[in-house]
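[1] Next one to model:
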Amino acid sequence: GQGSALVGILDAFMDSKGIVTPETFRGFCAPVVPLALMDTYCYSNKEELNIGLALTNYEEQPWSDALCWRLESLSDSVTFVREGKVPAHVEQGKAMQVGELKSTLTEIDKPAQLRLTLTTGNYHNYYNLWVYPDRTPESEADIFICQSLDDEARKRLSQGGKILLIPDHKAIEEQSVGGLFTPDYWNYAMFKAFRNAGREVSPGTLSLLMDEKHPLFRQFPTECHSNWQWWSIVRHARPFILNATRHEYKPLIQVVDNVERNHKLGLLFEFAVDNGKVLVCMSNLEAIRHTPEGGQLRNAILSYMKSAEFSPTETLTSQQLQHILQPR
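    Numbering: from 1, shown residues only. So this is what the prediction gives:
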């Protein structure tokens, strides 16, 4: 009676689900695990990396070996490599910090994804980091930013203007779901019953889905799915229910819903409306503007909207868009 519980690395026949390779899994689930201690995965290039290096040792004897680290760019447009090592001695059954990694980031002048690889003996682990250039916020020139499709917004659309619509979350509560970075770990049908007990209910969403080659993401490197640079963005978002759009229509950033509810959910989506263009962002950009990733996403959105590549193919009238935005 619980429905589906979409958890676990293996299926009921002990076969891999393809979620992770055995080699990667062993990196963080092994007798000895190298660890990085840090406050965030996202940095400005004006910051200095200061990452603690640690080991857990559940071998049958004390562990004595060097902990080697390598930090390198995964982005083709950025060349960046740092490496080093620290001596490590950890008693059996203990976890402890053995050193630290320090590095400047000033030479990274473009948004970049880095990978920190840690190795000791035959054991290894890795972390992804993101670095964004600390630059002047992108100008809002020629773009009208608003919270609702009001008279001024409709007037600008009729005149061929560009609209960045960031709805007030309280105003669209009925037409949206809560923002959640982590997926349901067990079962939405069962845990939504917590509402009756007065406890917070999981929004029931699973992850993000997007085309990482879309022009928007040239200034905001991403994979086709969620990763840690999306944490604050998703936590300050309310994915919008787009069931009223055509079946073929896909948002720029889609939020995958649970199998029971199965809404079409959009975090970022665009339309050609009347003579103008609209991009709708369901994340509160003002709330995350102070973070490296929040500031970079805002710059990426505005830069994209100013370019000739901002050319939505889904056409609506302002009345049709208003209908989609209305609660029902």
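[2] going forward, measure contacts and count neighbours with C-alpha atoms only.
    Will do.
[3] where in the stretch 101-250 of the chain is pLDDT low?
    184-186, 192-199 (pLDDT under 70).
[4] what about the helices in it?
    151-158, 188-191, 231-235 (DSSP state H, counting those that start in this stretch).
[5] what about the longest one, distance to the chain center?
    In this case it means helix 151-158. 32 Å (CA atoms, centre = their mean, to the nearest Å).
[6] Tell me the buried residues in it?
    Using 16 or more other CA atoms under 10 Å as the test for burial, helix 151-158 gives Ala153, Arg154, Arg156, Leu157, Ser158.
[7] Specify which member of these is nearest to Tyr127.
    Checking the buried residues of helix 151-158 against Tyr127 with CA to CA, the nearest one is Ala153 at 43.3 Å.
[8] Let me see the ranges of the strands in the stretch 1-150 of the chain.
    Applying DSSP state E, counting those that start in this stretch to the stretch 1-150 of the chain gives strands spanning 32-37, 42-44, 48-57, 63-73, 81-90, 94-104, 112-120, 123-132, 143-146.
[9] measure the one residue sitting closest to the centre of the chain to Pro34 for me?
    Note on the chain: the residue nearest the mean C-alpha position is Trp230, at 1.9 Å, using CA atoms, centre = their mean. Separation of Trp230 from Pro34 (CA to CA, to the nearest Å) stands at 25 Å.
[10] next one: Lys162
    49 Å.
[11] The two: who's more crowded?
    Per other CA atoms under 10 Å, whichever of Lys162 and Pro34 has more neighbours is Pro34, with 26 against 23.
[12] Is it correct that the more buried one is in contact with Thr119?
    Yes - contact criterion CA atoms under 8 Å: Pro34 and Thr119 qualify, at 6.8 Å.
[13] where do the contact lists of the two overlap?
    Leu67, Asn125 (CA atoms under 8 Å, 6 or more residues apart in numbering).
[14] Relative to its centre, which residue of this structure is most distant?
    Gln61 (40.0 Å).
[15] for that one, phi and psi?
    phi -150, psi 170 (degrees, to the nearest 10).
[16] Tell me which residues touch the residue lying closest to it once chain neighbours are set aside, please.
    Distances taken as CA to CA, 6 or more residues apart in numbering place Gln92 nearest to Gln61, at 5.2 Å, with adjacent residues excluded. Contact analysis of Gln92 by CA under 8 Å, 6+ apart lists Asn57, Tyr58, Glu59, Glu60, Gln61, Pro62, Trp63.
[17] likewise Gly27?
    Val33, Tyr123, His124, Asn125, Tyr126.
[18] how about JSON lines for those, with distance to Tyr249 and neighbour count added?
    Listed next are those as JSON lines, based on distance: CA to CA, whole Å; neighbours: other CA atoms under 10 Å:
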{"residue": "Val33", "distance to Tyr249": "44", "neighbour count": "21"}
{"residue": "Tyr123", "distance to Tyr249": "46", "neighbour count": "17"}
{"residue": "His124", "distance to Tyr249": "42", "neighbour count": "22"}
{"residue": "Asn125", "distance to Tyr249": "39", "neighbour count": "22"}
{"residue": "Tyr126", "distance to Tyr249": "37", "neighbour count": "19"}
